[in-house]
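Undergrad: sharing a sequence plus its predicted fold:
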2 protein chains.
Amino acid sequence: MTMTPCEACPLRGMEIFVPFDPGEVEFMQKFKAGELAVERGTTILIEGSKSPQLFTVLRGMATRYKTLEDGSRQVINFAMPGDFLGLQAGVMGAMRHSVEAATDMVLCVFKREEVWTLFRTQPSRAFDLTWISAVEEHFLGETVATLGQRDGLQRVAWALFRLFKRLRAVKLGTRDSVPLPFRQQDLADALGLSLVHANKTLAELKRRGVARWAKGVLEVQDIDTLQDLAMIDEPKEERRPLM
Amino acid sequence: MTMTPCEACPLRGMEIFVPFDPGEVEFMQKFKAGELAVERGTTILIEGSKSPQLFTVLRGMATRYKTLEDGSRQVINFAMPGDFLGLQAGVMGAMRHSVEAATDMVLCVFKREEVWTLFRTQPSRAFDLTWISAVEEHFLGETVATLGQRDGLQRVAWALFRLFKRLRAVKLGTRDSVPLPFRQQDLADALGLSLVHANKTLAELKRRGVARWAKGVLEVQDIDTLQDLAMIDEPKEERRPLM
DNA sequence: CGCATTATTGAAATACTTCAAATACGGTGG
DNA sequence: CCACCGTATTTGAAGTATTTCAATAATGCG
């Protein structure tokens, strides 16, 4: 229950994250307002609200989603350790999507007012904030391309591949499996597929011996085929800054 | 052919853009490396490249797009006056999509190296850069929701509504029509629809007396119905910073 | 153990794609 | 100004991926 010092942050130092400069750790320690533990199912940020807090995910996972007028839900993406939450509220004034914990989570908490301090006194960290936003933008562009151009099988393969790579990059799971604590409905809502079709497509991937996802664990048996099906060429995970 | 002084920028001062603080205009004038006029069809930024230049669109329009392994194209969105191009290359090192001029264009040019100066010496402008990125992220989230959850008619209505509002916000066109210099193929590639289906859906909107798009001009006859069809609730255009 | 949630499966309905061919448009050169 | 050619739009018809409906099976939580 005691707060993790940034010095001992379990994420910092992982290859996927840009290394901290000396002094940045110290600043982040001051910037950090505290730590928040939330239960599965908690809505961390809500569409339309101007949250006074920003977060970095330390442990656990979440879904970012929007709800449309007719009640349908679009999962924008899945948040995992190292992801930064609430930037929209931080700079635009209000969140444009909601964030809900898919597991119990631990979050680093930053105060919104401090963002301005950061821009005034820590240009390198301000730059990183923009960088983070640009990376998000890039991934959303990928998602747009997936929903616009890939068929059902390609979409599911694309999502499983990305999730697997990202989770492995933050040292979760084993060589060929990762925890994936979402429901098929969440994946369907992320990919613009019906639950039924998502289910049948997952079954097809299992049948082909490519990947199987059951009981919150994704096991990838043939990652090359998965990547081929997904039509992904990028070889390695994007390096990004960590807040 | 001579360079527009930022002082006399035709975009600054429009309601859609956040007003400049005193001093910011002066800074931007120094930040501005020049002006670039390009012809229709020119590729301004190319996927994978690390452009040494960033741009603000002064006049004209463009498509931002990605090409997938199988050759299909996803139009990420359409760029219009006031939009900032090249931020990804500016902070992440390389563009993740290409940008092609759909009309002759005039662009303000900024040098990539100067971005760092901006972060060190102009925190308010650095903040705006992040803000711009967050706004883009927001719109891409909307696009993801559109491709994931809306059917053909809703998608087309959504796109026409947004384009119309945005173009009106930068003072193009008349009360009920705007220039829209793209091909139906571009719209289809933006919405993840086949050309044929996009065409038939546009015909349906015309038949219903909602909107008609021909010869590069979009005329909206019934904007309320268009908005209803699109399932959009937001009443007004997002205010954003201008670079 | 029992109840609510999630996953699975089959079958019918449909929105959208693909194929193919005709028409219209816009720019260029004569 | 017209004829021509390449590009863009329009239309019909057949095929298919995906959705919807509906019901059963499995899972996990209290």
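TA: Ah, there it is.
Undergrad: ok, now how distant is residue A:170 from residue A:119?
TA: 27 Å (Cβ to Cβ, to the nearest Å). Where C-beta positions appear, they are placed from N, C-alpha and C, glycine not excepted.
Undergrad: right, I mislabeled it, should have said residue A:166
TA: Residue A:166 sits 28 Å away from residue A:119, going by Cβ to Cβ.
Undergrad: who's more crowded, residue A:170 and residue A:119?
TA: More crowded of residue A:170 and residue A:119, by other Cβ atoms under 10 Å in any protein chain shown: residue A:119, with 25 against 21.
Undergrad: my guess is the more buried one meets residue B:122, correct?
TA: No. With contact defined as Cβ atoms under 8 Å, residue A:119 does not reach residue B:122; the gap is 9.6 Å.
Undergrad: please name the bridge partners of the most centrally placed residue in chain A.
TA: Chain A has residue A:79 as the residue nearest its centroid, 2.4 Å off, counting by Cα atoms, centre = their mean. Judged by DSSP bridges, the bridge partners of residue A:79 are residue A:62.
Undergrad: isn't it up against residue A:59?
TA: No. In this structure, residue A:79 is not within contact of residue A:59 by Cβ under 8 Å, at 11.6 Å.
Undergrad: quick check: residues of chain A near DNA strand C?
TA: Chain A comes close to DNA strand C at residues A:183-185, A:195-196, A:199-200, A:202-203, A:214, as judged by Cβ under 7 Å from any atom of the strand.
Undergrad: now the buried members of these.
TA: The neighbour-count criterion (16 or more other Cβ atoms under 10 Å in any protein chain shown) marks A:199, A:202 among the residues of chain A next to DNA strand C as buried.
Undergrad: can you flag which of the residues of chain A next to DNA strand C belong to strands?
TA: Using DSSP state E, residue A:214 are the members of the residues of chain A next to DNA strand C that sit in strands.
Undergrad: farthest pair within the residues of chain A next to DNA strand C?
TA: Farthest apart among the residues of chain A next to DNA strand C by Cβ to Cβ are A:196 and A:214. That separation is 17.4 Å.
Undergrad: quick one, longest helix in chain A?
TA: The longest helix of chain A (DSSP state H) is helix A:123-149.
Undergrad: quick check: residue A:181 is in a helix.
TA: No. Using DSSP: H, G, I helix; E, B strand; the rest coil, the secondary structure at residue A:181 is coil, not a helix.
Undergrad: any idea how far it is from residue A:217?
TA: In this view, residue A:181 and residue A:217 are 9 Å apart by Cβ to Cβ.
Undergrad: so between the two, which is more surrounded?
TA: Comparing residue A:181 with residue A:217 by other Cβ under 10 Å, the one with more neighbours is residue A:181, at 18 against 14.
Undergrad: ok, residue A:81 - contacts?
TA: A:11, A:57-61, A:170, A:172 (Cβ atoms under 8 Å, 6 or more residues apart in numbering or on different chains).
Undergrad: repeat that for 6 Å
TA: Neighbour list for residue A:81: A:11, A:57, A:170 [criterion: Cβ atoms under 6 Å, 6 or more residues apart in numbering or on different chains].
Undergrad: how about residue A:182?
TA: Going by Cβ under 6 Å, 6+ apart, residue A:182 touches residue A:102.
Undergrad: next: the one 10 residues further on.
TA: Applying Cβ under 6 Å, 6+ apart to residue A:192 gives the contacts A:147, B:148.
Undergrad: pLDDT value on residue A:18, please?
TA: Predicted confidence (pLDDT) at residue A:18: the value is 97.
Undergrad: verify the contact between it and residue A:241 for me.
TA: Yes. Look at residue A:18 against residue A:241 with Cβ atoms under 6 Å: they come within range, at 4.6 Å.
Undergrad: which one's more surrounded, these two?
TA: Applying other Cβ under 10 Å to residue A:18 and residue A:241 shows that residue A:241 carries more neighbours, namely 21 against 14.
Undergrad: give me the three-state assignment for residue A:178.
TA: Residue A:178 is classified as strand under three-state DSSP.
Undergrad: thought it was touching residue A:167?
TA: Yes. Residue A:178 is within contact range of residue A:167, at 3.9 Å (criterion: Cβ under 6 Å).
Undergrad: who's more crowded, those two?
TA: residue A:178 (24 against 20).
Undergrad: please name the bridge partners of that one.
TA: Bridge pairing for residue A:178 (DSSP bridges) gives the partners residue A:218.
Undergrad: and for residue A:37?
TA: residue A:106.
Undergrad: what is the neighbour count of it?
TA: By the criterion of other Cβ under 10 Å, residue A:37 has 13 neighbours.
Undergrad: mind listing what the nearest residue to residue A:225 once chain neighbours are set aside touches?
TA: Spatial nearest neighbour of residue A:225, excluding adjacent residues (Cβ to Cβ, 6 or more residues apart in numbering or on different chains): residue A:210 at 5.1 Å. When contacts are counted by Cβ under 6 Å, 6+ apart, residue A:210 touches A:222, A:225-226.
Undergrad: how is chain A partitioned into domains?
TA: Following automatic domain parsing, one gets these domains for chain A: A:6-144, A:151-230.
Undergrad: how about TSV for the ones you listed, with distance to residue B:102 added?
TA: Shown next, in TSV, are those (distance: least, Cβ to Cβ, whole Å):
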stretch	distance to residue B:102
domain A:6-144	18
domain A:151-230	27
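Undergrad: and those: which comes nearest DNA strand D?
TA: domain A:151-230 (3.0 Å; Cβ to the nearest atom of the strand).
Undergrad: what about that closest one and DNA strand D, touching?
TA: Yes. Using Cβ under 7 Å from any atom of the strand, domain A:151-230 reaches DNA strand D at A:151-153, A:192-198, A:200, A:215-216.
Undergrad: ends of that domain, what's the gap?
TA: Domain A:151-230 has an end-to-end distance of 10 Å (criterion: Cα to Cα, to the nearest Å).
Undergrad: and it, average pLDDT?
TA: Mean predicted confidence for domain A:151-230 is 98.
Undergrad: residue A:233 should be in a strand, yeah?
TA: No. Checked against three-state DSSP, residue A:233 lies outside a strand; its state is coil.
Undergrad: can you count the residues close to it?
TA: Using other Cβ under 10 Å, residue A:233 has 9 neighbouring residues.
Undergrad: what residues does chain A put near chain B?
TA: Within chain A, the residues that sit near chain B (Cβ under 6 Å from any Cβ of the partner chain) are A:66, A:68-69, A:72, A:74, A:76, A:87-88, A:91-92, A:96-97, A:119-120, A:123, A:126-127, A:129-131, A:133-134, A:136-138, A:140-141, A:143-145, A:147-149, A:192, A:231, A:233.
Undergrad: could you pick out the buried ones from these?
TA: A:66, A:68, A:74, A:76, A:87-88, A:91-92, A:96-97, A:119, A:123, A:126-127, A:129-131, A:133-134, A:136-138, A:140-141, A:143-145, A:147-149, A:192, A:231.
Undergrad: for chain A, what spans make up the helices?
TA: Remark: helices assigned in chain A by DSSP H are A:24-31, A:87-92, A:112-121, A:123-149, A:152-169, A:184-191, A:195-207, A:223-230.
Undergrad: alright, calling it a day.
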